[in-house]
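Peer 1: mind looking at a prediction? Sequence and model below.
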Amino acid sequence: MPVEPIPGDYQFRALHEGPRVQRFWHRNKLQALQAALSEGGSLDVVVDVGCGSGNLLLWSGLAPRLAVGIDLSFDAVRFCATRRGARRAVFVQAAGGTLPLADAVADLVILVEVIEHLVEPDVVLREIHRVLRPGGRLFLTTPNYRWPSPWPLLEWLADRSGLVAQMGDAQHVQRFTTEAVRTTLAASGFRVERLGTMYLWSPVVALFSAGKAARVAAAEVRGSLRHGCLIHCLASKPGR
């Protein structure tokens, strides 16, 4: 069955107009990114591979000299170029396995909920490793399929709700656990610095209070939660 293309503004609409839990999901990924960036180092060049609607790359907390958004979807790249703040970024239609960047130029690469869509994730990870400078960091998230994570059940329910883009076998062709993320990154030359999960209880709290849910999500990111719905990982390219 052919996969229905995801509209270029999908993540933007999900962040601002989607159901309450969906808005929470997209908004609070910023917390995990912020926690990762708090660990030091200035940002000169930031690259978002699979940037979608540009939510993370255009986040005001990022202030690099150059921000580069890359997506296979021309519709997404075109939408990003119309967004507020787009003047401080460059958006390019390209595949993750052939990034249009020189070696060792990026301080940070963002790969948020992308790797599960990739038939050959190792190809993209090696390309990210190439464009990162020594000591540069990769921030990655992906759904957690390790039992008893609620994610597989939530994915099944979401696919049948019709409220979000179809996931399951249609979009998610890889199913990662924290152990699989660690092994996959190590095989591509990365050193894992932080690996955890989030979104266990916080999405439930989001049904009632966005503010309380944000605080619970922040605690999940800081803690040692193992069975959250979303894996978050900070890795680096050795050599500095």
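Peer 2: Perfect, I can see it now. Numbers count the residues shown, from 1 in each chain.

Peer 1: my read: H117 touches H172, true?
Peer 2: Yes. Assessed by Cβ atoms under 8 Å, H117 is found in contact with H172 at 6.7 Å. The way it works is simple: take the backbone N, C-alpha and C, and place the C-beta from them, glycine included.

Peer 1: would you list the phi and psi of R133?
Peer 2: The phi/psi pair for R133 (degrees, to the nearest 10) reads phi -70, psi 160.

Peer 1: element containing the closest residue to R88 other than its chain neighbours, please.
Peer 2: In this structure, R88 finds its nearest non-sequential neighbour in A67, 6.2 Å apart by Cβ to Cβ, 6 or more residues apart in numbering. Using DSSP states H and E, A67 falls within strand 66-71.

Peer 1: tell me which strands that strand pairs with, and in which orientation.
Peer 2: Note on strand 66-71: by DSSP bridges, its sheet partners are strand 45-49 (parallel), strand 89-93 (parallel).

Peer 1: what is the mean pLDDT for it?
Peer 2: Averaging pLDDT along strand 66-71 gives 94.

Peer 1: same check, this time on stretch 92-109
Peer 2: pLDDT averaged over stretch 92-109 gives 95.

Peer 1: i'd like the first residue to be 55 from this point on
Peer 2: Yep, numbering from 55; the last one is stretch 146-163 now.

Peer 1: that one: end-to-end distance?
Peer 2: Using Cα to Cα, to the nearest Å, one end of stretch 146-163 lies 15 Å from the other.

Peer 1: point to the residue nearest the middle of the chain.
Peer 2: Centroid-nearest residue in the chain, with Cα atoms, centre = their mean: V166, separated by 1.0 Å.

Peer 1: nearest spatial neighbour of that one, skipping sequence neighbours?
Peer 2: Closest residue to V166 in three dimensions, ignoring its sequence neighbours and counting by Cβ to Cβ, 6+ apart: T195, at 4.8 Å.

Peer 1: what helix or strand is the one you found on?
Peer 2: Using DSSP H and E, T195 falls within strand 186-197.

Peer 1: and what of Q85?
Peer 2: In the assignment (DSSP H and E), Q85 maps to helix 74-91.

Peer 1: elements contacting that helix?
Peer 2: The helices and strands touching helix 74-91, judged by 3 or more Cβ pairs under 8 Å, 6 or more residues apart in numbering; DSSP states H and E, are helix 64-70, strand 160-166, strand 186-197, strand 245-252, helix 256-260, helix 264-276, strand 284-290.

Peer 1: how does it look with 10 Å?
Peer 2: Counting contacts by 3 or more Cβ pairs under 10 Å, 6 or more residues apart in numbering; DSSP states H and E, helix 74-91 packs against helix 64-70, strand 160-166, strand 186-197, helix 205-215, strand 245-252, helix 256-260, helix 264-276, strand 284-290.

Peer 1: which helices and strands does the third one pack with?
Peer 2: Okay, so that is strand 186-197. Using 3+ Cβ pairs under 10 Å, 6+ apart: strand 186-197 touches helix 74-91, strand 99-103, strand 160-166, helix 175-185, helix 205-215, helix 232-241, strand 245-252, strand 284-290.
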